[in-house]
Every structure is written in C-alpha cells, then in structure tokens.
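A.B. asks: pasting the sequence and the predicted model now:
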Amino acid sequence: MSDLKNSPFLLECKDLLVGYGSVLSTMSVPFDFSLSAGTVVALMGENGCGKSSLLKTFAGLLSPVAGTVSLGGKLLAEWLPRDRAKMISLVRMSSAEPPRMSVSEFVRLGRSPYSGIFDSRTDEDKRIVEESMALLDVVNFANRPIAELSDGERSRVFLAEAVAQQVKVLLLDEPNAFLDIPRSHALFRLLKKIATERDMGIIVSTHSVEYAERYCDRIMVVNGGAVRVAPANDARKSGLLDWTEAFDVK
Amino acid sequence: MSLLKKIILPLNLKLIALEVLLRRLLIGFVALIVLIFLLCIATLCFGAVNIPFADVVQALFSPGADVSSNILWNLRIPKMIAAVLAGASLAVSGLSLQTVFRNPLAGPFVLGISSGASLGVALALLAGIGFGSVGVLGSAALGALLVTLVVMFAATRFAQTGVLLIVGLLTGYFIDSIVSVLIAGNSSESLRVYVAWGMGSFGRVTLGDVWMFVAAVVVGMVLIGVSLRYLNAALLGDDFAHGLGLNVKRSKICVLLGASLLAGATTAFCGPVAFIGIAVPHLAYLLFKTTNHRVLLPGAALCGVALALLAGLFPASVPLNAVLSLVGVPVIMWVLVRGSGARM
C-alpha cells in the first residue's frame, strides 16, 4: 500500500507498445497513459485494433513489446501474482463457463487471492462476497448455474466477482456487447458509481459512443496505429471520434 | 417492496442455501464413511473362504498362526488396502484431470497415463527388461511418468488444454500399438502373466510392498492438495486463474505430476483399472452438488474407495474391470440421465 502513495496514478504506462510476442498489434506508435482513482475511461476503436490486447497487457497477461506498465507506482512485472490479483482484475464476458458452477460459487472465487493454500474462506471473506452480490443485485439467483444466466445477469455476476476481489483497477472487455439498451445504461451507471464510491479506476472497452460520452470521464481511442486520450466531453470537439463515422461501404 | 426484496429475501435465501448445503455435506460424508466401513468389514469377512466376523476381530487384534489369521493378514488386508488406495487415487486423479482439462471425459486412461504404465509392465514381462516384482512395478511407474512427461512437455508448449488432450490420446494409441506388437511376437508363459495383469486386480499387493504404494499415493495427494486454489479457479480457464494471482504453469505441472503419480502407482500395483477415474468425479458431483474442490476432492476420493471395495467383493475369477464396467456403467448412465448430472 505504501507504493500507492508514491504514485498519484493507479495504472500508468510509458512508451507502451502492445502485441503478441514480438508481433505488434495495429498500434505502432508508443504511447503514455495514466489512470487515476475514481475515474472511468472508455476504450474505443474498430474491431481488431488491439483493444483486447491492450487490456491484456494492463492485466499482465501479455508482456509489453516495448515500454513499461506500472501498477500503483510499481512495475507490473515486479508484483507478486497474488498481490497483483488484489489490485487489478480483467473482466471478460467471454470467459469459459463451467456448466456446474453456481453464481455464489463463482463470486466466492473473487476471494481466492486472499485465501490460504487450501482455498478456505473466513467469515470476513463470506461477508465481502455477500456484499458484492448485494451491490450487483445477483442475490436472487445466487444458486443458479452461471451457464444458465441471461447476458444481463451474467455481466453483473462477473462484475460481482471482481468487486469481491476488492481490486483498485478494473478492466472490462466489452461488457455491454450482448446487453440491451436499458441494461447497458444501468451497467455504465453502476461502473461510474463503484468507481467513485470505492475509489477505483476503471477502463471499459465499448463500441458505444453514447455510453462513453455520458458515463465515462475520459475516452481513449485506438485508431490509425496511435492511442489518444481526451476528456469525454471534449472528445468529439477535438476530433477524437471522427473515425466512428468515416467508414463507407463501397 | 423493494426494501423487502433487498433485505429479507437475500437473508432468507442465504440461510436456506447454507442449511441445505451443510446438510448435504454432512449426510454425504457420514453416509460414505459408514458405507466404506461396512465394505471394509465385508472385504475382510468374505472371499473364497468366509471368515466369521468374530474370528476376523480376533485375528485382527491378536493374530495367531491359524488359517484365519493367515488369510486375513496375507490376503484380505493387503487387498483391502489396495482397493482403498486405488479407489481414492483414481478418483482424485480423474477429478483433477477433468478440472485442469475442463473436459468431463478426461481421466488417466484418456491421457495415456495408464497406457504408459502398461507399456512398462509389458516391457518388463514380455521383452524381458527388468526382473522380479520390483522390476515390474518400477517399469510401470517409469512408463506412466514417461507419458506424463510427454503430456507435460506439451503443456509447456501449448496453452490450450484441447491440444494436451489430443497429445495424451495419441500417445496412448501409440503405446497401445507397441504393446500389441510385443504381445504378437510372444507366446511364452510371461504373456499369460501379462494378460492376467491386464485384467486388473486388488489381490496382487503384498504387505511387504504396500508401503511403496502408500508412499506414492501420499505424495500424489499432497501435490494435488496444495493445488486446491488453482483447481477451483481452473474451471474458468487459465487467464482467469492468472487473474486470481495463480502461477498457472507451475500449478498445472503440479497437478499433472500428482495425477499421473496416483494413476501410475495404481496401474503398477493393481493393473489397468478402468472406469473409476472417469466416472467417480461425476458421482461425487451428483452427491455434493458443488464445484468447490475442498469438498469435491475428498468426496470423490471416498466415492472411489467405496466403489473399489464393492468391486473387490466379487469372486476373484471375475476380472475386476469387467465387474466395474458391468455394474458401474448402467448405474452411472441411469444416474446421469435421471439426475441433473447430464449437464457437464
């Protein structure tokens, strides 16, 4: 925790280049970025531009091709895996779904980084799991298998797991891809709420300009090989979103 | 109404869920332990010669030079220990492999681990490499380890578990064909011994070498036991487990090593015992209705022990694998089709 005080940012990258092994994704210009507590950043860009690779790099699943990523003022690679898991979580709606696992069993996994070698749970853990489930309103179907949930329910369950993990940085990969409009609004309102209430930094990739502008503090755009960031209310004026309407079907 | 929904409903559901869960766990474990105890007594009492319970107790606590003590200590007790170890080992091995490979069909047979042990035995018996019972055991363990190393090498090269499963299957086929070639070119007495070994039996372990079996099983169980956190997370994939702060590669190797040690030791001592490894994990799930390996692993181990003891009660003239499959397959199928277990 002392590391946190050294840096004003939860997550920070310098001269970052992202890709698999030494193969670059479409991003070819090194970029700097920093995420502060209490903010929600929308990550936008065309399909295949490297949004997911970027999120994976932030989560430590991919090593940077060049440049550095630091979490709470310390290089990501220097974190112990268990301590890193208490700080940052990447939520992907397309994770494997074990057919037999119930919602409560899944949310319970969020306490895994805090547990001992035999994966037991303390009363404190149980309380946090219940709190997270209540916050995301998934208690009503706590005993249903996650594989049988609707997309809206599932996205809330995945969020509840990350909340139970008590991370400071939450990375979400297209959480509203399968959600209808009211549920998408609800989801983004919720993200804004947990970011402010819990002092978290959230990066959420999405294809929706509307949600990005309405609910996010900043917008990060991957386009033409470069990554640019602007305040959400300024993005359109500064031309950051021009690419969204520049595609013509010939 | 919304206040009611937010406060009372969750509490209520929580209490009911907790109560149901605890009752299920308690009943399940107590029932299994009682069943295993009864089966152990039956194993000691019944056989080619039936020994009255009173004589069994007497022979147990004050062994004499009489026939009962002789049968009990030289045949029945080693057989009971072998069945207990084999049942627990195969069930735990099968469950952890199914979890790591996220495949309900995975098991020591599918991954070729049992084939590896068979190759070791075949080489020892048919090709004349290795001598005596220790030689057969050693080469069986070596064969199982060899296949595991191949699968583990694949595990470090390929991230997808599907590839590993294919590597395991292919290795198994490859080894089975080597064994067929060895058998084809052989017509000696040792072929008969090999065929008998291939039928599977709990009756071949002696009190003299059972400690090796125990040691291998303990090490295997410890390797899997320390990977509990990984096993619980592995159901959601390696990236998810990484996100929970696990060293995925190290944990996976630990589990694979443990699972192959358990399966290899069992195959070496009891021959290839089919069915328990693949079916018992599903039985354990149906009984305990949880994916938490803290419950599922001991649950599967106890189910495996009960099943192995039960199969061991049949006359020695009936091959063990035939008993397990003849009795077990219809039962499991019925349970899977009837119960919600059809969902993998």
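C.D. replies: That came in fine, so what should we check first?

A.B. asks: in what helix or strand does A:L172 lie?
C.D. replies: strand A:169-173 (DSSP states H and E).

A.B. asks: actually B:G277, sorry about that
C.D. replies: helix B:276-288.

A.B. asks: go on, B:K252?
C.D. replies: Counting by DSSP H and E, B:K252 is part of helix B:248-270.

A.B. asks: closest residue of chain A to chain B?
C.D. replies: A:A85 (3.0 Å; Cβ to the nearest Cβ). Yep, even glycine has a C-beta here, placed from its N, CA and C like the rest.

A.B. asks: quick one: B:L236 and A:L109 touch, right?
C.D. replies: Yes: taking contacts as Cβ atoms under 8 Å, B:L236 lies within contact range of A:L109: 7.3 Å.

A.B. asks: what about these two, which has more around it?
C.D. replies: A:L109 (26 against 21; other Cβ atoms under 10 Å in any protein chain shown).

A.B. asks: shouldn't that one be within a strand?
C.D. replies: No: with DSSP: H, G, I helix; E, B strand; the rest coil as the criterion, A:L109 is helix rather than part of a strand.

A.B. asks: how about the residues of the stretch 101-250 of chain B by chain A?
C.D. replies: B:102, B:225-226, B:228-229, B:232-233, B:235-237, B:239-240, B:242-247 (Cβ under 8 Å from any Cβ of the partner chain).

A.B. asks: and those, which are buried?
C.D. replies: Taking 16 or more other Cβ atoms under 10 Å in any protein chain shown as the criterion, what is buried in these is B:102, B:225, B:228-229, B:232-233, B:235-237, B:239-240, B:242-246.

A.B. asks: ends of stretch A:130-144, what's the gap?
C.D. replies: Counting by Cα to Cα, to the nearest Å, you get 15 Å between the two ends of stretch A:130-144.

A.B. asks: so does that stretch get close to chain B?
C.D. replies: Yes: against chain B, stretch A:130-144 shows contacts by Cβ under 8 Å from any Cβ at A:E130, A:M133, A:A134, A:V139, A:N140, A:A142, A:N143.

A.B. asks: CA atoms of stretch B:98-109 as PDB?
C.D. replies: Coordinates of each C-alpha in stretch B:98-109 appear next as PDB, following Å, rounded to 0.1, in the frame of the first residue of the first chain:
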ATOM      1  CA  GLN B  98     -11.200 -33.300 -15.700                       C
ATOM      2  CA  THR B  99     -10.900 -30.000 -14.000                       C
ATOM      3  CA  VAL B 100      -7.500 -29.000 -15.400                       C
ATOM      4  CA  PHE B 101      -8.500 -30.100 -18.900                       C
ATOM      5  CA  ARG B 102     -12.000 -28.700 -18.400                       C
ATOM      6  CA  ASN B 103     -13.300 -31.900 -20.000                       C
ATOM      7  CA  PRO B 104     -15.700 -34.300 -18.500                       C
ATOM      8  CA  LEU B 105     -14.100 -37.100 -20.400                       C
ATOM      9  CA  ALA B 106     -10.600 -36.600 -19.200                       C
ATOM     10  CA  GLY B 107      -9.000 -39.300 -17.000                       C
ATOM     11  CA  PRO B 108      -5.800 -41.300 -16.500                       C
ATOM     12  CA  PHE B 109      -6.800 -43.500 -19.400                       C
END
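
A.B. asks: distance between it and the chain's centre?
C.D. replies: Averaging C-alpha positions (Cα atoms, centre = their mean, to the nearest Å) puts stretch B:98-109 12 Å from its chain's average.

A.B. asks: and for stretch B:107-123?
C.D. replies: Averaging C-alpha positions (Cα atoms, centre = their mean) puts stretch B:107-123 14 Å from its chain's average.

A.B. asks: run through the residues that contact the closest residue to chain A within chain B.
C.D. replies: The nearest approach of chain B to chain A comes at B:G245, 3.0 Å away (Cβ to the nearest Cβ). Counting by Cβ atoms under 8 Å, 6 or more residues apart in numbering or on different chains, B:G245 touches A:L80, A:P81, A:R82, A:D83, A:R84, A:A85, A:K86, A:S112, A:P113.

A.B. asks: what's the pLDDT at the fifth one?
C.D. replies: This means A:R84. A:R84 is assigned 96 on the pLDDT scale.

A.B. asks: that one: which element?
C.D. replies: Counting by DSSP H and E, A:R84 is part of helix A:81-85.

A.B. asks: quick revisit: quick one, phi/psi of the residue of chain B closest to chain A?
C.D. replies: Listed backbone geometry of B:G245 is phi 80, psi 30, with angles given as degrees, to the nearest 10.

A.B. asks: for it, which non-adjacent residue is closest in space?
C.D. replies: Distance criterion Cβ to Cβ, 6 or more residues apart in numbering or on different chains; nearest residue to B:G245, sequence neighbours excluded, is A:A85 at 3.0 Å.

A.B. asks: any idea how far B:G237 is from that neighbour?
C.D. replies: As judged by Cβ to Cβ, to the nearest Å, A:A85 and B:G237 stand 15 Å apart.

A.B. asks: repeat that for B:S227.
C.D. replies: Distance from B:S227 to B:G237, by Cβ to Cβ: 16 Å.

A.B. asks: pretty sure A:E161 is in a strand, no?
C.D. replies: No: the assignment for A:E161 by three-state DSSP gives helix, which leaves it out of any strand.

A.B. asks: look at it and say how many residues are nearby.
C.D. replies: For A:E161, the number of neighbouring residues by other Cβ under 10 Å comes to 30.

A.B. asks: tell me the contacts of it?
C.D. replies: Here A:E161 is in contact with A:V91, A:F106, A:V107, A:L109, A:G110, A:S132 (criterion: Cβ under 8 Å, 6+ apart).

A.B. asks: top of those by neighbour count?
C.D. replies: In terms of neighbours by other Cβ under 10 Å, the contacts of A:E161 top out with A:V107 at 28 neighbours.

A.B. asks: model confidence for the most centrally placed residue in chain B, exactly?
C.D. replies: Nearest to the mean C-alpha position of chain B, by Cα atoms, centre = their mean, lies B:L90 at 0.6 Å. Reported pLDDT at B:L90 in the predicted model: 95.

A.B. asks: wait, isn't it in contact with B:P272?
C.D. replies: No: using Cβ under 8 Å, B:L90 is not in contact with B:P272; the gap is 10.4 Å.

A.B. asks: quick one on the thing from earlier: for the helix holding A:R84, buried residues please.
C.D. replies: Of all the residues in helix A:81-85, those buried under the rule 16+ other Cβ under 10 Å are A:P81, A:R82, A:R84, A:A85.

A.B. asks: how about stretch B:163-183?
C.D. replies: Using 16+ other Cβ under 10 Å as the test for burial, stretch B:163-183 gives B:L164, B:L165, B:V167, B:G168, B:T171, B:G172, B:I175, B:V179, B:L182.

A.B. asks: counting only helices, which of the residues you listed make the cut?
C.D. replies: When those are checked against helices (DSSP state H), the matches are B:L164, B:L165, B:V167, B:G168, B:T171, B:G172, B:I175, B:V179, B:L182.

A.B. asks: the second one: what's it in contact with?
C.D. replies: Listed by Cβ under 8 Å, 6+ apart, the contact set of B:L165 reads B:F101, B:N103, B:A106, B:V110, B:L111.

A.B. asks: columns neighbour count on top of these, output as CSV?
C.D. replies: CSV is the format used below for the contacts of B:L165 (neighbours: other Cβ atoms under 10 Å in any protein chain shown):
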residue, neighbour count
B:F101, 21
B:N103, 16
B:A106, 26
B:V110, 21
B:L111, 30
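
A.B. asks: just flag the most distant two among the residues you listed.
C.D. replies: With distances taken as Cβ to Cβ, the most widely separated pair in the contacts of B:L165 is B:N103 and B:L111, at 10.1 Å.
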